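Novice: Attaching a predicted model along with its sequence, questions to come.
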Amino acid sequence: MLTKSKASHRFLNTLVQKNLDSILVFNQELRVDLWNETLEHLSGISSTFAVGKHLFDVCPFMKQIGELSYISKALSGEEALSKNRPFYFKNSNTQGYFEGNYFPVFNDFGEVEEVLCIFKDSTEVSQFDESLIHLTESLRKKLLDRTEELVKANTELKEEVKKRRRFGFEVLLKNIEMTDSIQYAKEIQHAFFPPANKMQESFGEMLLYFKPRDIVSGDFYWYHKDERYAYLAAADCTGHGVPGALISILGYNALDQAIKEQKLEHPADILNYLDQSFSNVFKSTQSSVRDGMDISLVKYDLSNSGLEFAGAMNPLFIIREGELIKIKGDRHPIGPSGEESKSFTNHEIMLQGGDCVYLFSDGYPDQFGGEQGKKMKYEIFKKLLIDCQKLNFSDQFSLVEQTFKDWKGTMEQVDDVLILGFRAS
């Protein structure tokens, strides 16, 4: 849920203006409050002109095509999505089709104050162009610099508190303000994640164990459903915290593009597209960027429990009658890796009723702990999943959580943790 406070409004405004999608914000009276740079280029209408105008004056086609039903839904407090809607901007003589994502923005009293609309031109397949490369590298560098500043500030803070405790409160307030901004970034990132009830429409009761190491996460999960198939992915982006979260947004958008715009169906083809997309983003950088991700991706046939799988570094585990079946992923990640050519393998499996399928990142088995303070490793992790098969998913969650807590003990969490599981019918 998007909320509007003084700090969060500044963060939201910066995010909207720098976003590569066309974005506008309007209030309960349908007056435009914000019109970002990308939308200026698409429409030929400047932000100075658009802000304050009635939405239907700057976007008259919305009234003509009956977009008000989606807008009204968002104004009443629900997210709304319209697809394949025609648009025409007279100023730029631009026409085509768009996808409108409407998100209500709540004030401190829980009332809808504004609506944020992501206006996505779906006329042609989006491409990672040179501007995206430079913007991504620039944002990445700024975020890394900011993270280094935060680490340095926290280190200096500890020393300063020891020497001059009377100044500690003022410095602490600054640290709290920065943490509040990152907390809001967490809300933005989580807005991308599919709700559990949506995924349960395809998979029924399922396991979702997601435990970021920091406030924001480099691990993410993704879901898509059409009339016959459901797709599910567990991804682990390079790093964690703010840098990992930035890469996760690129990965999430690329998965959507592969399905919705490229119309790819098989997991291996989707991973090949992701790999090329990430390579294109970072190939022009001057530094030795090797950002990317490991991922497990499945396509589940809702009519006959057929399963397709492809993995980049990460495997797929299937628990069948107390035995673990491991389907290996390919031994190269998504993104630049130094290999001249690579492709991903598509595996086809026919599930049996009662089979439990698990996708995961490496954060759980890589956690240090136990009596000797060592990594858990996969043997313990495999046994845990085998023990889970006979439990319902609510009890599976409790067992997974308690086992992780007991193993970690007083040691720090070393990485983001993600486990997804479902049972074949």
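Specialist: Yes, it's here.
Novice: From now on I want contacts and neighbour counts done on CA atoms only, so please keep to that.
Specialist: Will do.
Novice: Tell me how many other residues surround residue 365.
Specialist: 18 (other CA atoms under 10 Å).
Novice: distance between the ends of stretch 29-36?
Specialist: Length of stretch 29-36, first residue to last, CA to CA, to the nearest Å: 19 Å.
Novice: Could I get the buried residue list for that stretch?
Specialist: 30-36 (16 or more other CA atoms under 10 Å).
Novice: Stretch 365-381 now?
Specialist: The neighbour-count check on stretch 365-381 (16+ other CA under 10 Å) flags 365-370, 375-376, 381 as buried.
Novice: Residue 308 touches residue 351, doesn't it?
Specialist: No - judged on CA atoms under 8 Å, residue 308 makes no contact with residue 351 at a distance of 10.1 Å.
Novice: Confirm that residue 100 sits in a strand.
Specialist: Yes - counting by DSSP: H, G, I helix; E, B strand; the rest coil, one finds residue 100 located in a strand.
Novice: Enumerate every residue touching it.
Specialist: By CA atoms under 8 Å, 6 or more residues apart in numbering, the contact list for residue 100 reads 80-83, 117-120.
Novice: Specify the beta-bridge partners of the nearest residue in space to residue 202 that is not next to it in sequence.
Specialist: Sequence neighbours aside, residue 230 is the residue nearest to residue 202 in space, at 6.4 Å (criterion: CA to CA, 6 or more residues apart in numbering). Note on residue 230: beta-bridge partners residue 225, residue 300, judged by DSSP bridges.
Novice: any idea how far residue 230 is from residue 107?
Specialist: 35 Å.
Novice: Which one's more surrounded, these two?
Specialist: Counted by other CA under 10 Å, residue 230 and residue 107 do not tie: residue 230 has more neighbours, with 19 against 14.
Novice: so what's residue 114 up against?
Specialist: The neighbours of residue 114, taking CA under 8 Å, 6+ apart as the test, are 25-28, 75, 104-106.
Novice: The residue nearest to residue 202 and residue 299 touch, don't they?
Specialist: Yes - between residue 230 and residue 299 there is a contact at 5.8 Å, judged by CA under 8 Å.
Novice: how does this protein divide up, domain by domain?
Specialist: 2-121, 130-186, 194-423 (automatic domain parsing).
Novice: And the strands in the stretch 251-400 of the chain, which stretches?
Specialist: 293-301, 306-312, 316-320, 323-327, 347-350, 356-360, 368-369, 374-375 (DSSP state E, counting those that start in this stretch).
Novice: closest to residue 413 out of those strands?
Specialist: strand 368-369 (7.7 Å; CA to CA).
Novice: Any chance you could list what contacts that closest one?
Specialist: Contacts of strand 368-369 (CA under 8 Å, 6+ apart): 374-376, 407-409, 411, 413-414.
Novice: Residue 46 against residue 40, yeah?
Specialist: Yes - taking contacts as CA under 8 Å, residue 46 lies within contact range of residue 40: 5.3 Å.
Novice: Average pLDDT for stretch 196-205, rounded please.
Specialist: For stretch 196-205, mean pLDDT is 90.
Novice: Where among the domains of the chain is average confidence lowest?
Specialist: Among the domains of the chain, domain 130-186 carries the lowest mean pLDDT, at a mean of 64.
Novice: ok, which stretches of this structure are helices?
Specialist: With helices called from DSSP state H, the chain shows them at 6-18, 37-43, 47-50, 55-58, 60-64, 68-75, 130-163, 168-192, 196-203, 241-256, 267-282, 377-388, 393-408.
Novice: for the second one, packing partners?
Specialist: By that I understand helix 37-43. If contacts are counted by 3 or more CA pairs under 8 Å, 6 or more residues apart in numbering; DSSP states H and E, helix 37-43 sits against helix 6-18, strand 22-27.
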